[in-house]
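J.: I would like to see how this sequence folds:
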Amino acid sequence: MAAKDLYEKDFYKILGVSKSATPDEIKKKYRTLARELHPDKTKGDAKREEEFKAVSEAYDILSDTKKKAEYDEARSLFERGGFRAPTGGQNFQGGDFGDMFGGGNPQDIFANLFGGGGRRGPRKGQDLQTESKISFRESVFGTTLELRLSADGGPSQNITARVPAGVNDGAKIRVKGKGAQGEAGPGDLFILLHVKPHPIYSRKGEHITMTLPVTFTEAALGADIKVPTIAGDDVTVRLAPGTPNGRVLRVKGRGINKNGTTGDLLVSVEVQVPRHTEGKAEEALKAFAEATAHEDVRAEFISKASQ
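T.: Got it, this is the predicted structure:
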């Protein structure tokens with residue numbers, strides 16, 4: 001792609017963000033547009049595929065601090081009419097561009113932005129980016145993605161990508177040689193991963209967390225309770241008599257295995273209060289209340305409030 005085509009592009013307009021947008025705002029806008037324009041969703045709509053590629057190209061520049069700074073500088077000069085596309089061997093008009101660009105050629109700056117070394121020989125094709133959702137379980141144990149994508153408006157191709165165990169939400173994996181074609185071969189494909197929330201399990205570093213509902217009597221009297229793990233089996237946790245709400249029980253080695261280190265399963269106790277009591281259950285609770293009437297559970301609370 002010619003330098004003229006590059007510096008005439010307004011990447012801020014393509015993404016729909018202002019020049020003062022923060023990195024988080026740029027990322028959020030890109031994710032929204034990428035979901036709307038993803039080829040898997042637009043299903044053969046050539047115009048939407050071109051928009052998807054333009055958005056990916058804009059994000060590639062604006063999400064990189066160094067590339068963004070160089071683009072802003074060169075774009076500002078272009079908007080002021082400081083340089084134009086090469087015609088008849090004359091590339092620039094007015095000003096000492098060697099000083100402005102650190103002794104370099106502004107054309108080369110754009111070449112470096114979009115693949116490097118405009119006059120240094122053949123360049124690889126542009127890197128591309130797409131997104132994919134994986135389950136929480138897949139993020140823990142790893143998985144293999146089977147994607148069908150199209151680069152540079154060419155025919156769709158099947159792409160297999162291995163997702164390693166223990167990846168976080170927002171992680172990127174790289175598939176070499178699956179980007180756009182270039183003179184020196186294709187660029188790479190980067191896949192941005194979104195981990196779907198699990199209804200029970202969450203993550204804290206390399207630990208897996210969960211909330212375990214227990215009955216009032218289990219918490220008061222103690223109990224051995226079977227707890228399901230992300231691996232599909234059960235482990236038994238022991239509640240000591242008088243276990244309070246919110247206590248965290250640790251099951252060693254049942255978390256996420258990543259880089260040779262395995263986290264734990266952290267089980268947070270949630271005491272369930274009976275919604276309906278009648279008959280013998282109600283009588284038993286009243287008897288319990290009478291038997292423990294001498295205990296003031298709020299005495300320490302009141303004392304601290306007066307400090």
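J.: pLDDT on stretch 150-167, on average?
T.: On average, the pLDDT along stretch 150-167 is 82.
J.: ok, stretch 27-37 next?
T.: 87.
J.: with stretch 246-264 instead?
T.: On average, stretch 246-264 scores 93.
J.: spatially nearest residue to residue 147 (excluding sequence neighbours)?
T.: Nearest residue to residue 147, sequence neighbours excluded (Cβ to Cβ, 6 or more residues apart in numbering): residue 159, at 4.5 Å. The C-beta positions use only the backbone N, C-alpha and C, and glycine is treated the same way.
J.: and residue 220, helix, strand or coil?
T.: helix (DSSP: H, G, I helix; E, B strand; the rest coil).
J.: OK, contacts around it?
T.: Listed by Cβ atoms under 8 Å, 6 or more residues apart in numbering, the contact set of residue 220 reads 241-242.
J.: try the one 3 residues further on
T.: Applying Cβ under 8 Å, 6+ apart to residue 223 gives the contacts 214, 238-239.
J.: 10 Å - rerun?
T.: 214-215, 217, 237-241, 243 (Cβ atoms under 10 Å, 6 or more residues apart in numbering).
J.: beta partners for it?
T.: As for beta bridges, residue 223 partners with residue 239 under DSSP bridges.
J.: can you tell me how far it is from residue 242?
T.: For residue 223, the distance to residue 242 equals 12 Å [Cβ to Cβ, to the nearest Å].
J.: if we can go back for a sec, near the residue nearest to residue 147, how many other residues are there?
T.: 16 (other Cβ atoms under 10 Å).
J.: in which helix or strand would I find it?
T.: Residue 159 is located in strand 157-163, with elements delineated by DSSP states H and E.
J.: out of the contacts of residue 223, which are buried?
T.: 214, 237, 239, 243 (16 or more other Cβ atoms under 10 Å).
J.: return the subset of those lying in helices.
T.: For the buried ones among the contacts of residue 223, not one is inside helices, with DSSP state H as the criterion.
J.: closest to residue 144 among those residues?
T.: residue 237 (33.4 Å; Cβ to Cβ).
J.: how about the closest one, nearest residue that isn't a chain neighbour?
T.: residue 249 (4.9 Å).
J.: residue ranges with poor pLDDT in the stretch 51-200 of the chain?
T.: 77-121, 151-154 (pLDDT under 70).
J.: ranges for the helices of it?
T.: Ranges of helices within the stretch 51-200 of the chain are 65-79, 97-100, 106-113, 136-141, based on DSSP state H, counting those that start in this stretch.
J.: and the closest residue to residue 18 other than its chain neighbours, how many neighbours?
T.: Nearest residue to residue 18 in three dimensions, chain neighbours excluded: residue 12, at 6.6 Å (Cβ to Cβ, 6+ apart). Applying other Cβ under 10 Å, we find 18 residues neighbouring residue 12.
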